[in-house]
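>>> after the sequence you'll find the predicted model.
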Amino acid sequence: MSAKFNPSRLRLARVRRQLTFKSLSDRVGMSARMVSEYEKEYCKVTPPPETIEAFAHALNYPVEFFLVPEPIETVSKETVSFRSLKRMRAASEHAAIGAGQIGVMINDYFDSRFSLIPNNIPDFRGVEPEAAAEGLRAEWGLGTFSIGNMIHLLEKHGARVFSLTENTYDVDAFSFWKGDVPYVFLNTQKSGERSRFDAAHELGHLILHKHGVSQGKDAECEADKFAANFLMPKATLLPYKGKTITIDGVLSLKLNWKVSAMALIVQMKNVGVLSDWQYKSLIITAGKFGLRSREINGIEREQSIVIEKILSALESEGISLHKLAEELLLPLDEISGLLFKFGVVRNNDMPFGGSASASKVPHLRLVQ
């Protein structure tokens, strides 16, 4: 084992597994202080091969992952916009940012092999959320039609969309810019309707708060307002003003916009379709139906079409998901969890080995 140990990769693997210094040190049989020292960028002490192997075993990462000399692309906390940050534990936040770093690594690999769709997401900083939603619909030629698929729309305009299979509801979704490339990560535990709203919410962050904004209630409210108006334009709701709207009517109408019943009720109130009395009545009834946490006749979760095309192209070259994990020196669960392949493979299916060189093939262009 002659390659030099990379401390930043130890930290990334540790935070992805949501382990503290103490919990990792207990697994490898050393002091927490020593683990901390090994993570320091200018650590003067290189761990012996058996220690690196112990880290790899404890974290379920291949040994070779820790021996790549190139620095990992950093994702600054200040540039990340989290959905539902308020209830997020610090460990979940760090693990999510780690997922973002791995997403950048995967995208770099894809970008080296394929001609990916360029970014076409505008900068609307300083624009009111409602106006930004209307302006973006106009710029993208969407009119007032219902959006068929939010993930496909994001990808059509250059966003890199990844899935999250975090074992927690703490992380609903998050997004960030890395240079001129926008990234969106969506939790796969959510209902199809709520995941669509999360995707629109993160799009709001990308155009309203490009390259970071101080986290807080105001930024979240702006992204929520953008998402509601982007998915449910006021002009499409106003024809229902003055009509008797029951919960059954809401359950039928929500299918037009592919949103949750609660989101539709709130937006109808915000644009003046519902009176205060109608709104309160519908909210109470929706609560009795359990619609605050679930959907009746829900839609399927949306999937990435770009990732599906890439994986299909790689498969045709003999690069399976297992092989891709080996080439990137990543655990199979990290790859499958980010590429909408949750539940398809298990991490212990992956043999940790050295990377294999990718064969030279013509680049493909992925188009919408």
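Good, I have the coordinates. Numbering: from 1, shown residues only.
>>> low-confidence bits of the chain, can you list those?
1-2, 84-87, 167-169, 212-217, 342-368 (pLDDT under 70).
>>> show me how it divides into domains.
Each domain of the chain is listed here as a residue range: 7-67, 74-231+304-368, 239-288, per automatic domain parsing.
>>> for Arg294, find the nearest of the ones you listed.
domain 74-231+304-368 (6.9 Å; CB to CB). (C-beta placed from N, C-alpha, C; glycine too.)
>>> export the strand or helix carrying Ser195 to PDB, keeping only CA atoms.
In the assignment (DSSP states H and E), Ser195 maps to helix 192-208. The C-alpha coordinates for helix 192-208 follow below in PDB (Å, rounded to 0.1, in the frame of the first residue of the first chain):
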ATOM      1  CA  GLY A 192     -44.700  11.700  -5.200                       C
ATOM      2  CA  GLU A 193     -46.600  15.000  -4.700                       C
ATOM      3  CA  ARG A 194     -44.400  16.200  -1.900                       C
ATOM      4  CA  SER A 195     -41.300  15.300  -3.800                       C
ATOM      5  CA  ARG A 196     -42.500  17.400  -6.700                       C
ATOM      6  CA  PHE A 197     -43.000  20.400  -4.400                       C
ATOM      7  CA  ASP A 198     -39.600  19.800  -2.900                       C
ATOM      8  CA  ALA A 199     -38.100  19.900  -6.400                       C
ATOM      9  CA  ALA A 200     -39.900  23.100  -7.200                       C
ATOM     10  CA  HIS A 201     -38.800  24.500  -3.800                       C
ATOM     11  CA  GLU A 202     -35.200  23.800  -4.600                       C
ATOM     12  CA  LEU A 203     -35.600  25.300  -8.000                       C
ATOM     13  CA  GLY A 204     -36.700  28.400  -6.200                       C
ATOM     14  CA  HIS A 205     -33.600  28.400  -4.100                       C
ATOM     15  CA  LEU A 206     -31.400  28.000  -7.300                       C
ATOM     16  CA  ILE A 207     -32.900  31.000  -9.100                       C
ATOM     17  CA  LEU A 208     -33.700  33.200  -6.100                       C
END
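>>> tell me the helix or strand right after the host helix or strand of Lys323.
Following DSSP H and E, the helix or strand that holds Lys323 is helix 321-328. Beyond helix 321-328 in the direction of the C-terminus, DSSP H and E gives the next helix or strand as helix 332-338.
>>> show me what that following helix is packed up against.
Contacts defined by 3 or more CB pairs under 8 Å, 6 or more residues apart in numbering; DSSP states H and E place helix 332-338 against helix 90-113, strand 160-164, helix 321-328.
>>> surely Ala219 and Ser81 touch.
Yes - judged on CB atoms under 8 Å, Ala219 makes contact with Ser81 at a distance of 6.9 Å.
>>> between those two, tell me which one has more neighbours.
Ser81 (24 against 19; other CB atoms under 10 Å).
>>> bridging residues for Pro182?
Beta-bridge pairing for Pro182 (DSSP bridges): Trp177.
>>> gap between it and Gly29?
43 Å (CB to CB, to the nearest Å).
>>> looking at these two, which is more packed in?
Pro182 (24 against 9).
>>> is it true that the more buried one touches His205?
No - the pair formed by Pro182 and His205 falls short of the contact definition of CB under 8 Å, at 9.5 Å.
>>> between those two, what contacts are shared?
Ser175 (CB atoms under 8 Å, 6 or more residues apart in numbering).
>>> all helices for the stretch 201-350 of the chain, in order.
For the stretch 201-350 of the chain, applying DSSP state H, counting those that start in this stretch gives helices covering 217-231, 234-237, 247-257, 261-270, 276-288, 305-316, 321-328, 332-338.
>>> would a markdown table of these with distance to His94 be doable?
Below are the helices of the stretch 201-350 of the chain laid out as a markdown table (distance: least, CB to CB, whole Å):
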| stretch | distance to His94 |
| --- | --- |
| helix 217-231 | 20 |
| helix 234-237 | 39 |
| helix 247-257 | 35 |
| helix 261-270 | 30 |
| helix 276-288 | 34 |
| helix 305-316 | 25 |
| helix 321-328 | 21 |
| helix 332-338 | 15 |
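>>> just tell me which of these ends up closest to Ser175.
helix 217-231 (9.3 Å).
>>> in that closest one, which residues are buried?
219-220, 222-231 (16 or more other CB atoms under 10 Å).
>>> Three-state assignment for Pro118, please.
coil (DSSP: H, G, I helix; E, B strand; the rest coil).
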